[in-house]
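Colleague: please work out how this folds:
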Amino acid sequence: MTTSTPQKPLLRFIVLLAICASVSLWPAIPQRDAIGKQLGLIVPVAAQAPVTLDRSIRDYKLPSEIAWVERNGSASLTLYGEATKPGGIYVSLLRRPFDNWSAPHTHATERYVTVLEGTFLAGTGPVQDKNRVDALKAGTVVSEVPTRMHYDGVGQDGVTLFFIGMGGTNSGPPSEPPRAPGGPNVDPTARVAKKLEDMVWTKAADGSTFTNVFGDPGKAGLYVQFVRRPPNNWSTAHRHANDQFVWVMGGRAYIGTGSSVDKDKTVGMPKGSYIHDFASGTHYEGTKDEDLWLLVTGMGPAAPERASN
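Modeller: Residues are numbered from 1 along each chain as shown. Got it, this is the predicted structure:
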C-alpha cells in the first residue's frame, strides 16, 4: 500500500488555515503578511513608478492643477499668451457665477468662446437687455465678430468658458445704434453660435469622429474642433506644425509622447484637464474603457503629420 504526499501549495494553505483558526494567536497585519510571504501565499508586487511625459513636447494640467485666479466672485486663468498683446494668440479660462453680467463691449480681433459647463447668456447690441439673450449650453461654440457690440450673462448653474483668440482684444465703448425691436435675440452679424446638436460629424480613418466648428486645422487661421473617440481607440504617433490647445470635455484621454504608441506609458487625463501640444513634438492619445470628447483649438495649418519611427 502506498501513500500520496500532499502537494506543496495545498500543504501551505492548510498551515495558513490553522493559523487563522486561532483568533487569539492571529498576528497583526504586518506579521500576517510576513507569514503569508514566507509560505509563498502572498507574492510581492513591484511598485511601478508613475508615468511622466516629456513636457517640452506635451504639457498638461489635471483638474486639480488648474490654478484659478479669483476676482470679484469670478475666476480666470490665462493658459497661453496674453489677451492684450497684439500679434499672437491667447488661450484662457473664465468661470462666472449666476447672474453675473458684462456691460456691452467690443473686441478688436476675432475670438471663439466654448461653453465648457453651465449656461452662457449671449446678447448683442449696445444696450444690455437681459430678456433678449440666447441661453447656450455646454458644447456650444460662439464666434465673436471683431468690433461688434455684445454683452453676456450667466444662468442659474453658473458657467465655465474656454477662449481662444488673437491678442489685442481690448474692450471698447458702445459705438452702434440700438437694435430695432423684433428679430432674433442674437444678431448673427455680431455673434455666431453653433450648438452641439447642430454639428455635423465626420468619421476619420482611425475610427474617431470630428467636426470643424470654426476654421480648419489644415488651413491658415484660428480653428475650433471637436474630436470624439470610442473605447479602445488610439491615434498614431503624430505631430503638428503649430501648437495645439486641448480641453477634455468628457471621458478620459490617455496621452503619451514619442514616435511609437505605448499604451502602458501614458497619463490619464479626466474631464476638465488641459493639454498643450507643442509644435513639431511627436505624441499620441487614445482611450481605454470609455468614450472621449475633446475640444481641440489652435492656429492652422496644424493638420496631423504621421511620425516615422
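
Colleague: can you list the domain ranges for this structure.
Modeller: Domain assignment for the chain by automatic domain parsing gives 81-197, 199-306.

Colleague: tell me how far the last one is from the chain's mean position?
Modeller: Translated: domain 199-306. 10 Å (Cα atoms, centre = their mean, to the nearest Å).

Colleague: quick revisit: just send the domains of the chain back as JSON lines, with mean pLDDT, mean neighbour count and distance to Ala75 too.
Modeller: C-beta coordinates here come from the backbone N, C-alpha and C atoms, glycine included. Listed next are the domains of the chain as JSON lines, based on pLDDT from 0 to 100; neighbours: other Cβ atoms under 10 Å; distance: least, Cβ to Cβ, whole Å:
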{"stretch": "domain 81-197", "mean pLDDT": "94", "mean neighbour count": "17", "distance to Ala75": "4"}
{"stretch": "domain 199-306", "mean pLDDT": "97", "mean neighbour count": "18", "distance to Ala75": "14"}
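
Colleague: could I get those as TSV with distance to Glu65?
Modeller: TSV is the format used below for those (distance: least, Cβ to Cβ, whole Å):
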stretch	distance to Glu65
domain 81-197	13
domain 199-306	8
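
Colleague: start to end distance for stretch 284-291?
Modeller: Stretch 284-291 has an end-to-end distance of 16 Å (Cα to Cα, to the nearest Å).

Colleague: give me the contact list for that stretch.
Modeller: With Cβ atoms under 8 Å, 6 or more residues apart in numbering as the test, stretch 284-291 has contacts from 228-238, 250-258, 261, 263, 266.

Colleague: go on, stretch 198-216?
Modeller: With Cβ under 8 Å, 6+ apart, stretch 198-216 has contacts from 112, 141, 143, 194, 221-230, 233-236, 300.

Colleague: one more pass at 6 Å, please.
Modeller: 112, 141, 143, 194, 221-229, 233, 235 (Cβ atoms under 6 Å, 6 or more residues apart in numbering).

Colleague: pull the CA atoms of it into PDB?
Modeller: This file holds the C-alpha atoms of stretch 198-216, laid out as PDB (Å, rounded to 0.1, in the frame of the first residue of the first chain):
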ATOM      1  CA  ASP A 198     -26.500  71.100 -34.900                       C
ATOM      2  CA  MET A 199     -22.900  70.000 -35.700                       C
ATOM      3  CA  VAL A 200     -22.100  67.600 -38.500                       C
ATOM      4  CA  TRP A 201     -19.500  64.900 -37.700                       C
ATOM      5  CA  THR A 202     -17.100  63.100 -40.000                       C
ATOM      6  CA  LYS A 203     -15.500  59.700 -39.300                       C
ATOM      7  CA  ALA A 204     -11.700  59.600 -39.600                       C
ATOM      8  CA  ALA A 205      -9.600  56.700 -40.800                       C
ATOM      9  CA  ASP A 206      -8.600  55.700 -37.300                       C
ATOM     10  CA  GLY A 207     -12.200  55.300 -36.100                       C
ATOM     11  CA  SER A 208     -12.500  58.700 -34.300                       C
ATOM     12  CA  THR A 209     -15.100  61.300 -35.400                       C
ATOM     13  CA  PHE A 210     -14.500  65.100 -35.600                       C
ATOM     14  CA  THR A 211     -16.300  68.300 -36.500                       C
ATOM     15  CA  ASN A 212     -14.600  71.500 -37.500                       C
ATOM     16  CA  VAL A 213     -16.800  74.000 -35.700                       C
ATOM     17  CA  PHE A 214     -14.900  77.100 -36.900                       C
ATOM     18  CA  GLY A 215     -11.900  77.200 -39.200                       C
ATOM     19  CA  ASP A 216     -10.000  74.200 -40.300                       C
END
